[in-house]
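Participant: Curious how this folds, go ahead:
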Amino acid sequence: MTRFTGRPTGLGTAGAHLYACGTAAAHSSACGPASGHSPACGAGAPASSGVLADLTEVSARPPTLFQPFAHRRHPAAERAADESIAWLRGFDIEWPPGQWAQIESERAGYWWGLFDPGAADYERYRLGVDLITVLFPFDDAYSGRFARATPAEAVAWAGRWLRLLDDPGFAEPCGHPINAPMVDVLRRAATIGTPVQYRRFAEAVKGFISSLGWEFAGQDDAVRDDMGEAAACRFYTAGCGGIIGLLPITHDLWISDEVACRGVFRAYTEAAVLVISLYNDLFSYAKEQADAPDDVNVLAAAVREHGGALDTAFRRVITLHNQAMDRVVCLGSRLRALGSPDLTHYTRAVEELIAGNLEFGRSAARYRGGEDSLPPYTVTRTPPPVPLGPTDIATFAWWWDEHHLTGHRTALRYRPAPARSAWSPAETGITDM
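Facilitator: Prediction:
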């Protein structure tokens with residue numbers, strides 16, 4: 001295993017192929033000097049998420065994971081983690097045998113210190129710490145060795161959670177055994193944040209909660225056998241959208257609805273969500289194969305798709321990661337060019353969240369040395385020589401579409417209906433006029 005040294009790895013021309021694992025890249029729209037690309041960054045590359053099998057020289061070398069951001073730690077990380085464990089203990093939850101010992105040993109809240117080292121104050125910082133402390137046991141109730149629900153019950157919990165997020169008093173019953181501490185986090189988020197900040201956070205959490213039925217209903221084989229389908233599923237079900245959605249509260253940032261609806265902002269945030277989701281699935285692969293092999297995991301799906309070839313599957317996931325990371329870099333530069341201090345602060349907070357999540361995946365006790373189960377790879381902060389082309393996964397491909405990036409609508413183009421006076425009987429289906 002090649003370990004991350006924190007030093008850039010110069011890759012030259014062959015590095016473009018290593019980054020994309022065989023994707024030829026082109027560029028068409030300016031991205032700004034902060035991206036590290038020369039001279040431009042945008043759409044125009046062929047869509048691909050695969051491996052070019054005949055690049056023998058490239059495929060013989062370990063793939064390179066592009067992660068350009070530096071991580072740091074909040075000075076109160078240790079203290080907040082201890083306080084958060086005591087906070088969770090205070091709810092007197094009846095845990096399955098062995099789970100509380102795991103919670104104490106994992107000290108998940110500590111890692112919020114790497115996720116969000118620049119939080120505005122300690123109260124806001126503790127909000128994120130407590131969310132991470134409770135989020136993992138909350139998630140473990142759905143599947144794995146501490147699961148407490150049938151698939152049908154898991155879907156019902158998710159539905160009730162949607163009601164809870166919309167209840168100003170947070171009084172709706174849910175049935176989830178870890179409900180009380182999660183409700184406490186929601187109530188504090190609504191109190192600390194502005195109404196707009198909380199609404200955005202709640203909407204992001206809704207995306208996570210409402211998607212759980214897709215994964216846990218167990219009716220969709222494609223998400224377990226096809227990497228593209230798994231990536232689209234885990235983009236929602238990994239819950240990373242809610243984590244990013246908390247940043248405007250913990251940093252007390254004002255981002256208007258007008259800006260938040262813009263294609264560039266949405267694509268930037270979504271690309272960051274995908275990057276963090278892929279870290280989750282890469283480094284939890286060994287743990288999930290042991291504890292919950294039926295869970296959706298992007299690497300596991302890629303392995304099945306490629307007949308059990310872990311090395312090939314791993315390269316494909318790294319390719320998708322690098323494509324998404326390249327979008328984060330390019331679109332972050334475009335957001336900062338708008339000149340808003342809060343937008344610039346937001347992009348820096350997202351970058352630190354990404355960097356911290358990579359360190360979490362590689363080092364956290366929760367994943368039980370999950371990195372050791374992966375094929376060799378290197379990590380570089382050096383951007384690819386040319387921008388990486390779009391993925392062929394439809395959920396994400398629009399991030400490279402300049403028409404959608406520059407408009408407020410990021411779905412299908414709006415076509416206004418013709419004026420009534422222009423309708424003909426054939427167009428309306430009415431023949432008796």
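Participant: remind me which residues of the protein are low pLDDT?
Facilitator: For the chain, residues meeting the criterion pLDDT under 70 lie at 1-59, 407-433.
Participant: Which stretches in it count as strands?
Facilitator: Here the chain has its strands, by DSSP state E, at 64-66, 378-380.
Participant: what about the first one, distance to the chain center?
Facilitator: I take that to be strand 64-66. 17 Å (C-alpha atoms, centre = their mean, to the nearest Å).
Participant: what number of residues lie near residue 74?
Facilitator: Neighbour count of residue 74, defined by other C-beta atoms under 10 Å: 23. In short, each C-beta sits where N, CA and C put it, glycine included.
Participant: That one: what's it in contact with?
Facilitator: 80, 112-114, 116-117, 119, 125 (C-beta atoms under 8 Å, 6 or more residues apart in numbering).
Participant: Out of those, which is nearest to residue 155?
Facilitator: residue 112 (28.8 Å; C-beta to C-beta).
Participant: roughly how far apart are the closest one and residue 284?
Facilitator: According to C-beta to C-beta, to the nearest Å, residue 112 stands 18 Å off from residue 284.
Participant: And residue 222, by the same measure?
Facilitator: 21 Å.
Participant: Give me the more crowded residue out of the two.
Facilitator: Between residue 222 and residue 284, counting by other C-beta under 10 Å, residue 284 is the more crowded of the two (23 against 12).
Participant: Just give the number of residues close to the closest residue to that one other than its chain neighbours.
Facilitator: Leaving aside its sequence neighbours, residue 284 sits nearest to residue 367 (C-beta to C-beta, 6 or more residues apart in numbering; 5.4 Å). Here the number of neighbours of residue 367 (other C-beta under 10 Å) works out to 23.
Participant: residue contacts, residue 367?
Facilitator: Applying C-beta under 8 Å, 6+ apart, the residues contacting residue 367 are 283-284, 286-287, 361.
Participant: Nearest residue to the middle of this protein?
Facilitator: residue 273 (2.4 Å; C-alpha atoms, centre = their mean).
Participant: Pretty sure that one sits against residue 245.
Facilitator: No. Residue 273 is not in contact with residue 245 according to C-beta atoms under 8 Å; the separation is 9.4 Å.
Participant: in the stretch 1-150 of the chain, which spans are helices?
Facilitator: Here the stretch 1-150 of the chain has its helices, by DSSP state H, counting those that start in this stretch, at 12-20, 56-59, 77-89, 99-106, 112-115, 122-140.
Participant: which residues sit in contact with the closest residue to residue 297 other than its chain neighbours?
Facilitator: Counting by C-beta to C-beta, 6+ apart, residue 281 is the residue found nearest to residue 297 once chain neighbours are left out, at 4.8 Å. Residue 281 makes contact with 230, 234, 238, 297-300, 317, according to C-beta under 8 Å, 6+ apart.
Participant: can I get these in a markdown table with neighbour count and distance to residue 354?
Facilitator: Shown next, in a markdown table, are those (neighbours: other C-beta atoms under 10 Å; distance: C-beta to C-beta, whole Å):
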| residue | neighbour count | distance to residue 354 |
| --- | --- | --- |
| 230 | 28 | 21 |
| 234 | 26 | 16 |
| 238 | 26 | 14 |
| 297 | 27 | 20 |
| 298 | 30 | 17 |
| 299 | 26 | 18 |
| 300 | 23 | 23 |
| 317 | 27 | 16 |
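Participant: What is the top helix by length along the chain packed up against?
Facilitator: Secondary structure of the chain per DSSP state H: the longest helix is helix 310-336. Where contact means 3 or more C-beta pairs under 8 Å, 6 or more residues apart in numbering; DSSP states H and E, helix 310-336 is packed against helix 12-20, strand 64-66, helix 227-237, helix 263-283, helix 298-305, helix 341-363.
Participant: Any idea which of the ones you listed gets closest to residue 332?
Facilitator: helix 341-363 (4.4 Å).
Participant: buried ones in the closest one?
Facilitator: For helix 341-363, burial by neighbour count (16 or more other C-beta atoms under 10 Å) applies to 343-347, 349-362.
Participant: next one: stretch 115-128
Facilitator: 115-117, 119, 124-128.
Participant: quick one: stretch 182-199 to chain centroid distance?
Facilitator: Per C-alpha atoms, centre = their mean, the displacement of stretch 182-199 from the mean C-alpha position of its chain is 21 Å.
Participant: can you list the residues that contact it?
Facilitator: Against stretch 182-199 from outside (C-beta under 8 Å, 6+ apart): 91, 123-124, 127, 130-131, 134-135, 138, 164-165, 168, 170, 176, 201-202, 246, 248-249, 253-254, 257.
Participant: ok, 6 Å please
Facilitator: 127, 130-131, 134, 138, 170, 201, 248-249 (C-beta atoms under 6 Å, 6 or more residues apart in numbering).
Participant: ChimeraX command for the buried members of those residues?
Facilitator: Applying 16+ other C-beta under 10 Å to the contacts of stretch 182-199, the buried members can be selected in ChimeraX as follows:
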select :127,130,131,134,138,170,201,248,249
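Participant: Now distance to residue 378 too, for the contacts of stretch 182-199, in a markdown table please.
Facilitator: Output for those, formatted as a markdown table (distance: C-beta to C-beta, whole Å):
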| residue | distance to residue 378 |
| --- | --- |
| 127 | 36 |
| 130 | 35 |
| 131 | 32 |
| 134 | 35 |
| 138 | 34 |
| 170 | 46 |
| 201 | 36 |
| 248 | 34 |
| 249 | 36 |
